[in-house]
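>>> The sequence and its predicted three-dimensional model are supplied below.
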Amino acid sequence: MTSRPGRPRRGRVALHLFLAVVALLWLLPVAWAVYTSFRPYADTAARGYVSAPGALTLANYANAWTDAELPRFFLNTALVVIPAVVLVLVLASMVAFGISRLSGRLNLALLIVFAAGSLLPPQVLVIPLFRLFLALPLPAPLSDNGLLYDQLAGLVVINVAFQLGFCTFVLSNYLRTVPGELVEAAVIDGASLLRALWAVVVPISRPAIAALAALQTTWIYNDYLWGLVLMRTGDKRPITSALNGLRGEYFTDTNLLAAASILVALPTLVVFLVARRQLRRGLTLGAVRG
Amino acid sequence: MLTRGQRRTIALIVGLPLLLQVLFVWLPAIASIGLSFTDWNGVGGLGAIHVVGLENYANLATVDPAFWPAVFHNLVWLFVFLVVVMPLGMFLAVLLDRQLRGGWLYESALYLPLVLSFAVIGLIWELQYSPSDGLINGVLGTNHQGAIIDWLGDRRLNLGAVIVAAGWRHVGYVTLLYLAGLKTVDPTLREQAAIDGATEAQAFWRVVFPILRPINVVVVVITTIEALRAFDVVYVINRGLNGLELMSVLVVNNLLGEASRIGYGSAAATLLLVASIVPIAIFVRWALGREAP
């Protein structure tokens, strides 16, 4: 920025001060949850919650972890998130590349179908989807009741279908920014389209795919509605959707609830720390050109 | 020109995902519209469906005590997001755009809530709002018998309290989008404005803001859709009852309630669909239109 003498220095300090206050204010709710989670219930009962700690403990974490059998729910989540993220990225790469080979009008129509679908509020589809999941058969190793309903595989299906539009939109936007010669060369070279997709398009799109992988991991991990409505057995729910059931039964005091909240937030916070750049790119790729 | 084999390959790699998308997204969305004109309660298969015309809509508007509160709450949500959260996010983006040393730290603090699920956000804010154990009442000294402010239980307060929690997350999203947009603004334009004697505020409103027009469209659309989708955070807090009614909750509660009122719930879903068509159409037009920058 242009720096004019005199005024800017003081302005900078004020700016830093203001932004620091805002940043701290934004961290405060999470920090408060962390603080509460480290305090023994007896300590907060005696001193009140807004007080200096008499003791700090990890016991709330241990209790939340074992009493509510959290490992089981984290496993359910992993069984949904990992296959869903892989599948949605593979399918979206296929579609984005496929429609990039099509001519104007068809290309546009298909993009609209995919992009618009991903913007619908999920509650718009949830009722017929519920009936559809009860009606569609799914064979044995994937389903223990012969249906899509009440199955982790069913949650993989709906998460993939619902996120596919967004991923396709982002990837096809990205593909439009890469110089076409590489792809053209591969295609004209007589390589099959599938080979061009695998050997040229996917490697070129790596930045966008990495961004989407980070973003979709958090989004599918954070899904609440599908796991709530399309799953009936409480024990089979992924962790986010299971929260409502668990809190009434196991997270009986504020300190335990705080520990449980942090435990459930932790995987996404790790993604945030490790892949901040990718998340940021993923969120802006769909919205901002260039 | 595509060869026959290539055409077949494209049909396959586009067709299969398209089938998935149509079967699990578009078909259900359209089925919601169809079912909204019936009285189906899910019993007795598709043969037991009776068409009842607009009865569900009439009942929603005249009988259902949750309907008008839900509409009103969605509108309040949208209003606060557009009038408070969005300008705040934009303001912070403008400040953060000045390449401050350590600016990424401030940015990270704002973006952190973006990775949290709304379900976890609901729980984390319960810890702030809790009547006797929460941070807010503790600091205000209103956490003891007789003085308690029940932020999430009092129906005059809870909508505002929940919107604060949701806005806490959404501000970061707005800031992120505007920052990305500001990066595309040519810095010489601003320097030129400064040389011409414009103050920073003038330079922003006259030079930068008009260039941000495409971003403004995206942010308004995303903000509107977020407001229409709002569900998880209220459902975690009290299942969307007692002051936290929303259209999305109306849909889900009619499906999961003891009587599965599919036709009736679908009418609420259809209204939600109608409301979301405008922002979706704007976005699609903007994103795919030929005139887009």
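Received, thanks.
>>> so where is the chain shaky, pLDDT-wise?
Going with chain A. A:1-8, A:189-191, A:287-290 (pLDDT under 70).
>>> Not quite, go with chain B.
Where chain B drops to pLDDT under 70, the residues are B:1, B:289-293.
>>> what about 90?
B:1-10, B:40-50, B:98-102, B:143-146, B:183-215, B:217-218, B:257-260, B:283-293 (pLDDT under 90).
>>> Closest to the mean position in it, which residue would that be?
In chain B, the residue lying closest to the centroid (CA atoms, centre = their mean) is B:Glu226, at 0.7 Å.
>>> Restrict whatever helix or strand A:Leu257 lives in to CA atoms and write it as CSV.
In the assignment (DSSP states H and E), A:Leu257 maps to helix A:254-274. C-alpha atoms of helix A:254-274 as CSV (Å, rounded to 0.1, in the frame of the first residue of the first chain):
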residue,chain,number,x,y,z
THR,A,254,-21.4,-28.9,31.0
ASN,A,255,-17.8,-29.9,31.4
LEU,A,256,-18.4,-33.3,29.7
LEU,A,257,-20.4,-31.6,26.9
ALA,A,258,-17.5,-29.2,26.4
ALA,A,259,-15.0,-32.1,26.1
ALA,A,260,-17.3,-33.9,23.7
SER,A,261,-17.7,-30.8,21.5
ILE,A,262,-14.0,-30.3,21.2
LEU,A,263,-13.4,-34.0,20.5
VAL,A,264,-15.9,-33.9,17.6
ALA,A,265,-14.5,-30.6,16.3
LEU,A,266,-10.9,-31.9,16.5
PRO,A,267,-10.7,-33.8,13.2
THR,A,268,-12.0,-30.7,11.2
LEU,A,269,-9.6,-28.5,13.2
VAL,A,270,-6.8,-30.7,12.2
VAL,A,271,-7.8,-30.4,8.5
PHE,A,272,-8.0,-26.7,9.0
LEU,A,273,-4.4,-26.5,10.4
VAL,A,274,-3.0,-28.9,7.8
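>>> could you point out which element follows it?
Per DSSP H and E, the first helix or strand lying C-terminal to helix A:254-274 is helix A:276-285.
>>> And for that following helix, what's in contact with it?
The contact list for helix A:276-285, computed with CB atoms under 8 Å, 6 or more residues apart in numbering or on different chains, reads A:170, A:173-174, A:207-208, A:210-215, A:218, A:271-272, B:108, B:111, B:114-115, B:173, B:176-177, B:180. C-beta here means a position set from N, CA and C on the backbone, and glycine is covered the same way.
>>> Apply the buried test to these and list what passes.
Buried members of the contacts of helix A:276-285, counted by 16 or more other CB atoms under 10 Å in any protein chain shown: A:170, A:173-174, A:208, A:210-215, A:218, A:271-272, B:108, B:111, B:114-115, B:173, B:176-177, B:180.
>>> Quickly check: the helix holding A:Leu257 near chain B or not.
Yes. Using CB under 8 Å from any CB of the partner chain, helix A:254-274 reaches chain B at A:Thr254, A:Leu257, A:Ala258, A:Ala260, A:Ser261, A:Val264, A:Ala265, A:Thr268, A:Leu269, A:Val271, A:Phe272.
>>> likewise stretch A:61-70?
No. Against chain B, stretch A:61-70 shows no contacts by CB under 8 Å from any CB, the least distance being 11.7 Å.
>>> dump the residue contacts of residue 28.
The chain I'm using is chain A. B:Leu135.
>>> that's the wrong chain, I wanted chain B
A:Val124, A:Leu125, A:Val126, A:Ile127, A:Pro128, A:Leu129, A:Leu132.
>>> Distance of the second one relative to A:Thr57?
By that I understand A:Leu125. 45 Å (CB to CB, to the nearest Å).
>>> Between the two, which has more neighbouring residues?
A:Leu125 (27 against 18; other CB atoms under 10 Å in any protein chain shown).
>>> List the buried residues for the helix or strand containing that one?
Per DSSP H and E, A:Leu125 falls inside helix A:123-135. Buried positions in helix A:123-135, judged by neighbour count with 16+ other CB under 10 Å: A:Gln123, A:Val124, A:Leu125, A:Val126, A:Ile127, A:Pro128, A:Leu129, A:Phe130, A:Arg131, A:Leu132, A:Phe133.
>>> is it true that the first one touches A:Leu225?
It refers to A:Gln123. Yes. Contact criterion CB atoms under 8 Å: A:Gln123 and A:Leu225 qualify, at 7.2 Å.
>>> so what sits against both of those two?
Counting by CB under 8 Å, 6+ apart, the residues touching both A:Gln123 and A:Leu225 are B:Phe231, B:Val252.
>>> What about residue 225, how many residues nearby?
Looking at chain A here, since you left the chain open. 23.
>>> that's the wrong chain, I meant chain B
Neighbourhood size, B:Ile225 [other CB under 10 Å]: 19.
>>> Of the residues of helix A:254-274 next to chain B, grab the buried ones for PyMOL.
Per 16+ other CB under 10 Å, the buried members of the residues of helix A:254-274 next to chain B correspond to this PyMOL selection:
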select buried, chain A and resi 254+257+258+260+261+264+265+268+269+271+272
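>>> quick one, what contacts the residue nearest to the residue nearest to the centre of chain B when sequence neighbours are not counted?
Excluding the flanking residues, the one nearest B:Glu226 by CB to CB, 6 or more residues apart in numbering or on different chains is B:His170, at 6.1 Å. B:His170 sits next to B:Phe81, B:Val85, B:Gly89, B:Thr223, B:Glu226 when contact means CB under 8 Å, 6+ apart.
>>> For the last one, I want the exact helix or strand it lies within.
Secondary structure assignment for B:Glu226, by DSSP H and E: helix B:213-229.
>>> Which secondary structure elements does the helix holding A:Leu125 sit against?
In terms of contacts (3 or more CB pairs under 8 Å, 6 or more residues apart in numbering or on different chains; DSSP states H and E), helix A:123-135 is packed against helix A:152-177, helix A:225-229, helix B:27-35, helix B:247-256, helix B:262-288.
>>> try it again with 10 Å
helix A:152-177, helix A:225-229, helix B:27-35, helix B:213-229, helix B:247-256, helix B:262-288 (3 or more CB pairs under 10 Å, 6 or more residues apart in numbering or on different chains; DSSP states H and E).
>>> how far out from the middle of the chain is it?
On the basis of CA atoms, centre = their mean, to the nearest Å, helix A:123-135 sits 22 Å off its chain's mean C-alpha point.
>>> mind exporting it as PDB, just the C-alpha atoms?
Output in PDB follows, covering the C-alpha atoms of helix A:123-135 (Å, rounded to 0.1, in the frame of the first residue of the first chain):
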ATOM      1  CA  GLN A 123     -34.500 -30.200   3.100                       C
ATOM      2  CA  VAL A 124     -36.100 -29.800  -0.300                       C
ATOM      3  CA  LEU A 125     -35.200 -33.400  -1.200                       C
ATOM      4  CA  VAL A 126     -35.200 -35.100   2.100                       C
ATOM      5  CA  ILE A 127     -38.800 -36.400   2.200                       C
ATOM      6  CA  PRO A 128     -38.900 -38.200  -1.200                       C
ATOM      7  CA  LEU A 129     -35.300 -39.300  -0.600                       C
ATOM      8  CA  PHE A 130     -36.400 -40.900   2.600                       C
ATOM      9  CA  ARG A 131     -39.000 -42.900   0.700                       C
ATOM     10  CA  LEU A 132     -36.600 -43.700  -2.100                       C
ATOM     11  CA  PHE A 133     -34.100 -45.100   0.400                       C
ATOM     12  CA  LEU A 134     -36.800 -47.300   1.800                       C
ATOM     13  CA  ALA A 135     -37.700 -48.500  -1.700                       C
END
